[in-house]
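>>> below: sequence and its predicted model.
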Amino acid sequence: MTAWLLRRWLGRARTRGALLVLVPIVLVAVLAPLLPLDATSQDLRATFTPPGGEAASGRTYLLGTDELGRDLAARIVHGTRSSLIVGAAALAIALLVGTTLGLLAGYFGGLMDAVVTGLTETLMTLPFILLAIAVIAAVGASPTVLVLTLGLTGWVSFAKLVRAKTFELRGEEFVLAAQALGVSSFGAMVRHVLPNVAPLLIVDGTLQFGALILAEAGLSFLGLGVPPPTPTLGGILAGGQLYVAVAWWISALPGVVLLAMVVSFNVLGDTLRDALSPGR
C-alpha cells in the first residue's frame, strides 16, 4: 500500500472510526496471555454477578460473571482472541487456495478454467452452514477442523476475483512482453499479474475476515466450533441464551464485541475499496 493510498484511506472519517473501535479490541485480544485474566476459573459464590457488581468473595467483576461464576471479561477477551486466530488462519488458507486457482484459471484458460469454474459454482450452490455441519459432524470438532472447513469453503470469492482480473491482464502488453523475453508462465503470474491483483485481494480479504469471524461464531454457537474449555464468542453466546431473563449480560456483551468487530472490518474494507477507486 503506497503512502498516497494510505493517506487517502486514513483521511476518511469512517476509516478512523472503525480503527478506533477495532484496534483496542484486537490489541487486548493479542495481549490476552500477558493479562491477569483467568477465563476458566469457577467460583460458585459469584454466579450471575452483574457488571460492576461485587461477589460474595468480595471481588468486583467489571463485566459480571456467568452461571458458573466465571469472569465474563476474561472469557470475552480470550474468546475474541480465539475468533481472531481462527479467522486469520482460515483467511490465509482461503487466500492461498483462491489466489492460486484463480491465477491458473485466468492465465491458462481452457480445461483449467473449466475445472476451477465448476468447483466455484458447485460450492456456491451448497449452503455453507450445511456443508460445515456435515464436515465437522463426520470428522469431529477441533480448532484444526474448524480452520480447514472455513478456509476450504471460503476461497471461492478470491478465486472468482483473481480469475477475472488475470484473464484481463494476460493480454496486456507488459505481460506479453515478459513472455516474449522468455519469462516462464509462473514468473509472469508471480511478477506481473499477482502485484496488480494484490490490491483487490486486500480489499476482499478485509471484508472476508469479518465474514469468517461471524461464521466461526455461528458454528461455535451450534457447538461445532472450538470445543470447551477454550472460550469463544459464539460459545459464550450459546451458554448465555438460557439465562437471558436473569443475566442478560452473558449473551449481550460478547454479542456487542462480535458485532463491533464484524462491522468494523466491513467498514475498513468498504473505505479501502473507495480509496482504490479514483473517482471516489
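Now that the structure is in, tell me what you want to look at.
>>> nearest residue to residue 35 in space, please, no chain neighbours.
Nearest residue to residue 35, sequence neighbours excluded (CB to CB, 6 or more residues apart in numbering): residue 77, at 7.0 Å. (C-beta placed from N, C-alpha, C; glycine too.)
>>> next one: residue 170
Counting by CB to CB, 6+ apart, the residue nearest residue 170 is residue 107, at 5.4 Å.
>>> buried stuff in the helix or strand harbouring that neighbour?
Secondary structure assigned from DSSP states H and E places residue 107 in helix 72-108. By neighbour count on 16 or more other CB atoms under 10 Å, the buried set for helix 72-108 is 72-87, 89-91, 93-95, 97-107.
>>> rewinding a little: what pLDDT does the residue nearest to residue 35 get?
Looking at residue 77, its pLDDT reads 95.
>>> residue 28 is in contact with that one, correct?
Yes - using CB atoms under 8 Å, residue 77 is in contact with residue 28, at 5.7 Å.
>>> overlap in contacts of these two?
Counting by CB atoms under 8 Å, 6 or more residues apart in numbering, the contacts common to residue 77 and residue 28 are residue 35.
>>> any figure for the gap between the spatially closest residue to residue 128 that is not a sequence neighbour and residue 88?
Closest residue to residue 128 apart from its sequence neighbours, by CB to CB, 6+ apart: residue 153 at 5.8 Å. Computed as CB to CB, to the nearest Å, the residue 153 to residue 88 distance reads 16 Å.
>>> now swap in residue 211 and tell me
13 Å.
>>> cool, residue 102 as well?
In terms of CB to CB, residue 102 sits 21 Å off from residue 88.
>>> do residue 23 as well
Taking CB to CB, one finds residue 23 at 16 Å from residue 88.
>>> and for residue 151?
Distance of residue 151 to residue 88, given as CB to CB: 10 Å.
>>> what does residue 98 give?
15 Å.
>>> could you say which helix or strand holds the spatially most central residue of the chain?
With distances taken as CA atoms, centre = their mean, residue 209 lies nearest the centre of the chain, 2.8 Å away. Assigned by DSSP H and E, residue 209 falls within helix 194-221.
>>> list the buried residues in the helix or strand encompassing residue 135.
Element membership for residue 135, per DSSP H and E: helix 128-139. Neighbour counts over helix 128-139 (16+ other CB under 10 Å) mark 128, 132, 135, 136 as buried.
>>> confidence score at the last one?
What that stands for is residue 136. So residue 136 comes in at 80 (pLDDT).
>>> one more: the first one?
In the prediction, the pLDDT value recorded for residue 128 is 76.
>>> now swap in residue 192 and tell me
pLDDT at residue 192 comes out at 81.
>>> surely it meets residue 173?
No - with contact defined as CB under 8 Å, residue 192 does not count as touching residue 173 (10.7 Å).
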